[in-house]
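**Q** Coordinates for the following, if possible.
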Amino acid sequence: MLLVFPPAFAQAVKPSPVRTIKFEYYGDSIYLPVRVNGSRPLRFELDTFAGDDCINRRSAVEIGLPFTEIGVQANAGAGDGVTKVALAQGAQLEIADWAVTSKRLAVVDFDPVAEGQGSEFDGLVGGVQLLPYVVEIDYSAATMKLYDPVTWSYRGKGEELPMRLYDGFAPMVRASVVIGPSSRVEGDFVFDSPFRCTVKFNAPFVRQQNLLASARRLSPKLLLDEMLGVGGSSKMYSGRIAALRLGSFLFERPTADFVEAKAGTLARGDFAGILGTEIFRRFIVTLDFPGRKMILEPTGHLNDPFEVDMSGIRWLAKAPEFREFHVRAVLDDSPAAEAGVRTGDVLVAVDGKPACEFDIRALRKYFEVPGRTVFLTLRRGQGKVEIPLHLRRLI
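**A** Numbers count the residues shown, from 1 in each chain. Next up, the predicted model:
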């Protein structure tokens, strides 16, 4: 249920954008068509929390991009490990018809991340490229519009929120959360466009605010899980919170992740956590970088329920087609664990439909229906097993 305390609205007055870029919206991520130094078209993810543009190491080698090895560095993204990094200086990026120079194009290995996400991508367009503009992201129309801040003005029906720039480039807004019956906290949250989540709380914020204890008073059952990034994995607990308030928008019982990262972005103590696309896809989002404000204009998806996987299976979608699904992990006390699904099992069919006819997005959606019984055919070693799963909400 969503309660909205409406702000004062007026009529929209918008000038023409200097760029309108059609994107692919897949798996709650934004993918942009990019050429690097005149290369073949590549598939880059928009990352509002990336200070540098990045390219997958395998893609850089394939297109013949010259780069210099930097070595192993502390991870700047998700995961508790380290990252092997190289740099390409002064690469030219053509993002549809928008030409930009990437002063620092980081070269990293995204292949393990792609298998976890279930979709191949060749790199990231960093949020730093958006700084000169007012940027409108319309998830429903799959368009990103760039406006000249000198001529842009807004008199629309959206709600304006003050916005700060974390590390000088990442959009950050204030939000309040009600964790349990008597636990209300406020914090600064970064909008991280690739994150397929509602809210992730940074490890220091979880400890300082004693969030896990508060969450367990609301829902005694929290799922022990992990998140994947360029630095490997980090431990987290998944559950629900009583409410999240962003401006006048109050979301009741959304899903939430309580991260126990030891390194990387979510181990930082100078912001509370991340708001992901499970929140922002419900709006047309305008990021006025020069004016330091975010505008949220609700769409027809505003009241969509917050549902997540109900099987307890975590998949890896294997390259190159990403339609061969391996069981990466089985969550404790889940339908999959109770039915005997094992790590390393390979999906052959779902309710008789060959696994290769699914992509990761369709597969995930199939396991988000409470009460559904799903019959899995799995390859295990040299044989096959048939397993019924009785789906239920895990959080």
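
**Q** Contact partners for Met236?
**A** For Met236, the residues meeting the contact criterion (Cβ atoms under 8 Å, 6 or more residues apart in numbering) are Lys200, Asp225, Glu226, Met227, Asp257, Phe258, Val259, Glu260, Ala261. Just so you know, the C-beta spots here come from the backbone N, C-alpha and C atoms, and that holds for glycine as well.

**Q** So it versus Leu42, what's the distance?
**A** Between Met236 and Leu42 the distance, using Cβ to Cβ, to the nearest Å, works out to 31 Å.

**Q** Repeat that for Tyr31.
**A** Between Tyr31 and Leu42 the distance, using Cβ to Cβ, works out to 10 Å.

**Q** show me where the stretch 1-150 of the chain has strands.
**A** Counting by DSSP state E, counting those that start in this stretch, one finds strands in the stretch 1-150 of the chain at the ranges 2-4, 19-22, 24-26, 29-36, 42-47, 53-56, 68-74, 82-95, 98-108, 123-126, 134-138, 143-147.

**Q** And the ones you listed: which comes nearest Phe289?
**A** For Phe289, the closest of the strands of the stretch 1-150 of the chain is strand 134-138, at 7.0 Å, according to Cβ to Cβ.

**Q** per the record, what domains does the protein have?
**A** Domain ranges of the chain: 19-144, 153-298, 313-390, per automatic domain parsing.

**Q** Tabulate the ones you listed (JSON lines), appending mean pLDDT and distance to Glu307.
**A** As requested, those are exported to JSON lines (pLDDT from 0 to 100; distance: least, Cβ to Cβ, whole Å):
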{"stretch": "domain 19-144", "mean pLDDT": "92", "distance to Glu307": "13"}
{"stretch": "domain 153-298", "mean pLDDT": "92", "distance to Glu307": "8"}
{"stretch": "domain 313-390", "mean pLDDT": "95", "distance to Glu307": "5"}
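
**Q** what's the closest of those to Asp304?
**A** Nearest to Asp304 among the domains of the chain is domain 153-298 (6.6 Å), distances taken as Cβ to Cβ.

**Q** How far does that closest one sit from its chain's centre?
**A** In terms of Cα atoms, centre = their mean, to the nearest Å, the centre of domain 153-298 is found 11 Å from the chain centre.

**Q** what does stretch 387-395 give?
**A** 24 Å.

**Q** how about the strands of the stretch 1-150 of the chain, which one is nearest Arg240?
**A** With distances scored as Cβ to Cβ, the stretch of the strands of the stretch 1-150 of the chain nearest to Arg240 is strand 2-4 (14.7 Å).
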